[in-house]
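K.L.:
A structural model of the following input is requested.
(chains A and B)
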2 protein chains.
Amino acid sequence: MKPSIPKGTRDFLPEQVNKRNYIFNTIEGVFKLYGYVPIETPAMESIETLTGKYGDEGDKLIFKILNSGDFLKNARIRKDVLKDVTANNFSKMDLIVGDEYPLQFLVRDNEVLPYITEKALRYDLTVPFARFVVQHQNDLTFPFKRYQIQPVWRADRPQKGRYREFYQCDVDVIGSNSLLNEVELIQIIDEVFTALGVSDFKISINHRKILAGLAESLSIGSNFSDLVTALDKWDKIGEEGVCKELDSKGVHRDGIVGIMKFAKASSLSDIDEMIQNSEGKQGIQEVDKILNDLEKLGVKSCSFNASLARGLSYYTGTIIEVTANEASGSICAGGRYDDLTGIFGMKDISGVGVSFGADRIYDLMEERNLFPADANVSTELMFANFGEAEASFCFGLLKEVRAAGINAELYPDAAKMKKQFSYADAKHIPLVAMVGADEMAKNEVTLKNMDSGEQRTVKSSELIKELKG
Amino acid sequence: MKPSIPKGTRDFLPEQVNKRNYIFNTIEGVFKLYGYVPIETPAMESIETLTGKYGDEGDKLIFKILNSGDFLKNARIRKDVLKDVTANNFSKMDLIVGDEYPLQFLVRDNEVLPYITEKALRYDLTVPFARFVVQHQNDLTFPFKRYQIQPVWRADRPQKGRYREFYQCDVDVIGSNSLLNEVELIQIIDEVFTALGVSDFKISINHRKILAGLAESLSIGSNFSDLVTALDKWDKIGEEGVCKELDSKGVHRDGIVGIMKFAKASSLSDIDEMIQNSEGKQGIQEVDKILNDLEKLGVKSCSFNASLARGLSYYTGTIIEVTANEASGSICAGGRYDDLTGIFGMKDISGVGVSFGADRIYDLMEERNLFPADANVSTELMFANFGEAEASFCFGLLKEVRAAGINAELYPDAAKMKKQFSYADAKHIPLVAMVGADEMAKNEVTLKNMDSGEQRTVKSSELIKELKG
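P.N.:
The predicted structure follows:
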């Protein structure tokens, strides 16, 4: 059997893990600097927690887990299903699978046995977070500022840059209406991408209330979600495509003309004239306040973008999106949602958050060669192995070197020097220490610089000083 | 709907994540210090990669993933199954589930449709590592020293201290027969538990060749795996239980007497007399060499334990187990396996590794209060919010403080002071900065120590010095 992994998933080699960790550590460092604390949720959630939260398309992309061995025991009978099924007179242990039933289930001797699946893999970090907040509300302090860096799984068709397992890095504040949270999140975005060296990133913001106000002004309030969906595709299908889509949804000509004028507006003041209703005005004021605060803070990467819409339906306030390369889509996005925890029974708690797409950031940084050289340093010093006695002699030196915080290893076999040097080379180890009979007698170490090939001999007692210098 | 998570899984609150990360970071830091590099593998593996590797019991505990939406397309027909099924004349779209078939599959109009599951969740890190090594052999440098810290999933019956999702921290060297690898791994174990403050940990070692030699000496070679399995239960069922089990497996009385004498031996030299064959002698020499090297290195926590057996079948050389509290089982374990990659077609590659059980270590450290106070520091300084103007005034200070690497936040709403202080308290924030109209006018900051209640006022320009001091 030739070993392989499921399509859309990936193995990560050491260099890739180190580079990915460089991204995660940078992001996490900034989150902490701003007072956010980490949580983790299980990879598996109950199916009921996830279904119905991501739209019909999303539901289909949730990976479901088969109940384990004992799923024939402890039957849960759903009577409505039972009636349907018994009418068909199944008499064997069969499992009915079909569009007519919401979940698969077992039938044996006219008895409905438990669903074969009750658990599913996390599809994003937002819904599990909402579930977490409601479940642990008595153990949390609000406003609750949390971050979460974990993988999610989606049964999307795999393609370049789209995987079935990928990491999300989410940061959210829940339980505060203050716009200072939006300001802070945008500062965080600015700081993360500056730290990562992505020089040309652009943060765009807009506001769902501005879009709702626009719809009201144009008397197309009932087409609000069509407006959001169409605008969200602007980068993919262009102006003409958006117009066509709005037309197909029954938006009248004046409405479409108004939307186009709006979408091309380049500043908040342009918009201000177009929208007179109170909802729209509130959105405009909020964006204005956020941009003013950012100016005071010296954050220059953020600007208003009238055509930004963000597809997800749960946003109700500010929406945020970051791009660095228009072709490759957003590398970070988010917004304010007024009632995400409501679906789990905790009403009227406003939250705002953004999610960093680690995979897209990785691809972008790799393409542009942005990883610092030391993102992938592993071993700093390798002791060559000249035989049992020499290896033993190195034990003390190794201990000292490691105690000084220097990553070091002893080649485990007394192999040919050529083999040992190739090993050091392949592992990008910059220095090899050689301690043979001569060096042992004189209490010295010969150090070979693997880059230049240069060798020098130092007293054992000076080794740490030499390495640190 | 009351939100909940699947049984056997856990949410982690910020304090728990911080403490768990303290363990992971300590372990990872030591791994790196010894020149090990990280890899990661996907949560999902092909079912064929996992099944048959963990014994019949293990196979039942593997979580399988339902194929996603399109599993009715691209049917794969297994003819042997088809014959069985058509004999039963299923005529509807049914899914046969039962012990008689190795995997579930669909039948419609006498046609067998694809298996409903082809992927499963990782059960441990060892088998995916073996698969990884074979798959990427041309991109790796041997000996390959890797570590891997990732969750695994098992459909075990949940109980205290046993979860369905838990982390393993594995460290292995593959492609070297040298005993220096065993020595190094034991050093790593010693260093990790010393760093974590688990003062009474004990590292036990034994050797599969010694056990095989014993079986040969006692002429019970055909009962070797019964011997391993029985000895492995010593801590659970005691001497009497082990004797009974050996008896039930057909081990003769002399054999049992010999095994008991062996298991109670307290030193290698005791054993040396009992075992004369070459395989046993080799095991004894290897353990002796390892213990000698450890003595030279000053590692005092490791000793020979004749009754140690380790249940897993793939070990062929040294076996290692760490306990800190006999009642709670092992907190780290491993050994040498001579041909793990053979199952994936890469023969005769020896490896040795150990796995740290993060959850057991966590429970133990929590029980003994071993986490350092700063394992859970989040925000170090909170600015109270007195209103819009005051909050704006704090922007510059916040920026300075964060630039100095101090985790800081501004309370997002101008809430009552009492509420703001409770928030700081609940979040264990040690210092609150108050900047009201007075302080703004004088360019000062009043700092409140949340522990002592003490307040002092400092010049804004002195703030960083004050915080660092």
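K.L.:
Output the helix or strand hosting A:D272 in CSV with nothing but the alpha carbons.
P.N.:
Assessed by DSSP states H and E, A:D272 sits inside helix A:268-274. The C-alpha trace of helix A:268-274 is given here as CSV (Å, rounded to 0.1, in the frame of the first residue of the first chain):
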residue,chain,number,x,y,z
LEU,A,268,-18.0,59.0,3.9
SER,A,269,-19.1,62.5,3.1
ASP,A,270,-20.1,61.4,-0.4
ILE,A,271,-22.3,58.8,1.2
ASP,A,272,-23.7,61.2,3.8
GLU,A,273,-25.6,63.1,1.1
MET,A,274,-27.2,59.9,-0.3
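K.L.:
How about the residues of the stretch 101-250 of chain A by chain B?
P.N.:
Residues of the stretch 101-250 of chain A found near chain B (CB under 8 Å from any CB of the partner chain) are A:104, A:106, A:116-119, A:121, A:131-132, A:134-136, A:139-141, A:143, A:145-146, A:151, A:153, A:155, A:164-165, A:173, A:176-178, A:180-181, A:184. In short, each C-beta sits where N, CA and C put it, glycine included.
K.L.:
burial count for A:N305?
P.N.:
Residues lying near A:N305 (other CB atoms under 10 Å in any protein chain shown) number 20.
K.L.:
How about the secondary structure of whichever residue of the stretch 251-400 of chain A sits closest to chain B?
P.N.:
Scanning the stretch 251-400 of chain A for proximity to chain B using CB to the nearest CB identifies A:T379 as nearest, at 3.9 Å. Assigned with DSSP: H, G, I helix; E, B strand; the rest coil, A:T379 falls in the coil class.
K.L.:
Give me the spatial nearest neighbour of it, chain neighbours excluded.
P.N.:
Leaving aside its sequence neighbours, A:T379 sits nearest to B:G35 (CB to CB, 6 or more residues apart in numbering or on different chains; 3.9 Å).
K.L.:
For A:Q135, list the residues it contacts.
P.N.:
Going by CB atoms under 8 Å, 6 or more residues apart in numbering or on different chains, A:Q135 touches A:F344, B:P3, B:S4, B:I5, B:D11.
K.L.:
same thing but at 10 Å, please
P.N.:
By CB atoms under 10 Å, 6 or more residues apart in numbering or on different chains, the residues touching A:Q135 are A:T41, A:T49, A:F344, A:M346, B:K2, B:P3, B:S4, B:I5, B:D11.
K.L.:
Can you give me the end-to-end span of stretch A:401-416?
P.N.:
In stretch A:401-416, first residue to last residue: 24 Å (CA to CA, to the nearest Å).
K.L.:
Could you tell me which residues within that stretch count as buried?
P.N.:
Residues of stretch A:401-416 classed as buried: A:V401, A:R402, A:I406, A:N407, A:A408, A:E409, A:L410, A:Y411, A:P412, A:D413, A:A414, A:A415 (neighbour count, 16 or more other CB atoms under 10 Å in any protein chain shown).
K.L.:
Tell me how far the fourth one lies from chain B.
P.N.:
Read it as A:N407. Counting by CB to the nearest CB, to the nearest Å, the gap from A:N407 to chain B is 5 Å.
K.L.:
pretty sure the residue of the stretch 251-400 of chain A closest to chain B contacts B:K145?
P.N.:
Yes. Counting by CB atoms under 10 Å, A:T379 does reach B:K145; the two are 8.6 Å apart.
K.L.:
who's more crowded, those two?
P.N.:
For A:T379 versus B:K145, neighbours defined as other CB under 10 Å are more numerous around B:K145 (26 against 22).
K.L.:
Surely A:A404 and A:I464 touch.
P.N.:
Yes. Counting by CB under 10 Å, A:A404 does reach A:I464; the two are 4.9 Å apart.
K.L.:
and the closest residue to A:L312 other than its chain neighbours, bridged to which residues?
P.N.:
Excluding the flanking residues, the one nearest A:L312 by CB to CB, 6+ apart is A:G335, at 7.9 Å. Legend: beta-bridge partners of A:G335 under DSSP bridges are A:I319, A:G353.
K.L.:
Check the contact between A:G335 and A:T316; I expect there is one.
P.N.:
Yes. Taking contacts as CB under 10 Å, A:G335 lies within contact range of A:T316: 8.2 Å.
K.L.:
shared neighbours, A:T379 and B:K145?
P.N.:
Here A:T379 and B:K145 share the contacting residues A:E409, A:K427, B:Y34, B:G35, B:Y36, B:V37, scored by CB under 10 Å, 6+ apart.
K.L.:
Which of the three states applies to the first one?
P.N.:
Per three-state DSSP, the secondary structure class of A:E409 is strand.
K.L.:
Give me the pLDDT for it.
P.N.:
We have a pLDDT of 97 for A:E409.
K.L.:
likewise the fourth one?
P.N.:
Model confidence at B:G35, expressed as pLDDT, equals 96.
K.L.:
Contacts only, for it.
P.N.:
With contact set as CB under 10 Å, 6+ apart, B:G35 has these partners: A:378-382, A:402, A:407-411, A:427, A:429, B:145, B:173, B:184.
K.L.:
Could you look up the SS state of it?
P.N.:
What three-state DSSP gives for B:G35 is coil.
K.L.:
So it versus A:I406, what's the distance?
P.N.:
From B:G35 over to A:I406 the distance is 10 Å, taken as CB to CB, to the nearest Å.
K.L.:
Give me the common contacts of these two.
P.N.:
Shared contacts of B:G35 and A:I406 (CB under 10 Å, 6+ apart): A:T379, A:E380, A:L381.
K.L.:
Run through the residues that contact A:L231.
P.N.:
Counting by CB under 10 Å, 6+ apart, A:L231 makes contact with A:206, A:211, A:214, A:242, A:245-246, A:259, A:262-263, A:306-311.
K.L.:
ah, wrong one, I meant A:T446
P.N.:
When contacts are counted by CB under 10 Å, 6+ apart, A:T446 touches A:A384, A:V432, A:A433, A:M434, A:V435, A:G436, A:D438, A:E439, A:Q455, A:R456, A:T457, A:V458.
K.L.:
Please name the spatially closest residue to A:A195 (chain neighbours excluded).
P.N.:
Distances taken as CB to CB, 6+ apart place A:T26 nearest to A:A195, at 5.1 Å, with adjacent residues excluded.
K.L.:
The one you found against A:E191, yeah?
P.N.:
Yes. Between A:T26 and A:E191 there is a contact under CB under 10 Å: 9.3 Å.
K.L.:
ok, back up a step: which of the contacts of A:L231 ranks first by neighbour count?
P.N.:
With neighbours defined as other CB under 10 Å, the most crowded of those is A:L214; it has 28 neighbours.
K.L.:
Tell me which helix or strand that residue sits in.
P.N.:
Here A:L214 is covered by helix A:208-217, with elements defined by DSSP H and E.
K.L.:
Report the rounded mean pLDDT for that helix.
P.N.:
Mean per-residue pLDDT for helix A:208-217: 96.
K.L.:
what comes up buried for whichever helix or strand comes after it?
P.N.:
As assigned by DSSP H and E, the chain's next helix or strand after helix A:208-217 is helix A:224-232. For helix A:224-232, the neighbour count (16+ other CB under 10 Å) marks A:D226, A:L227, A:V228, A:T229, A:A230, A:L231, A:D232 as buried.
K.L.:
Next, A:L431: phi, psi?
P.N.:
Here is the backbone geometry of A:L431 (degrees, to the nearest 10): phi -130, psi 140.
K.L.:
ok, which stretches of the stretch 301-450 of chain A are strands?
P.N.:
Ranges of strands in the stretch 301-450 of chain A, per DSSP state E, counting those that start in this stretch, are A:302-304, A:318-323, A:330-337, A:351-357, A:381-383, A:408-410, A:431-434, A:444-449.
K.L.:
For the second one, which helices and strands make contact with it?
P.N.:
By that I understand strand A:318-323. Judged by 3 or more CB pairs under 10 Å, 6 or more residues apart in numbering or on different chains; DSSP states H and E, strand A:318-323 is in contact with helix A:180-196, strand A:202-207, helix A:208-217, helix A:224-232, helix A:278-296, strand A:330-337, strand A:351-357.
K.L.:
Over to the longest one?
P.N.:
On a contact count with 3+ CB pairs under 10 Å, 6+ apart, strand A:330-337 meets helix A:126-135, strand A:165-174, helix A:180-196, strand A:202-207, helix A:208-217, strand A:318-323, strand A:351-357, helix A:358-367.
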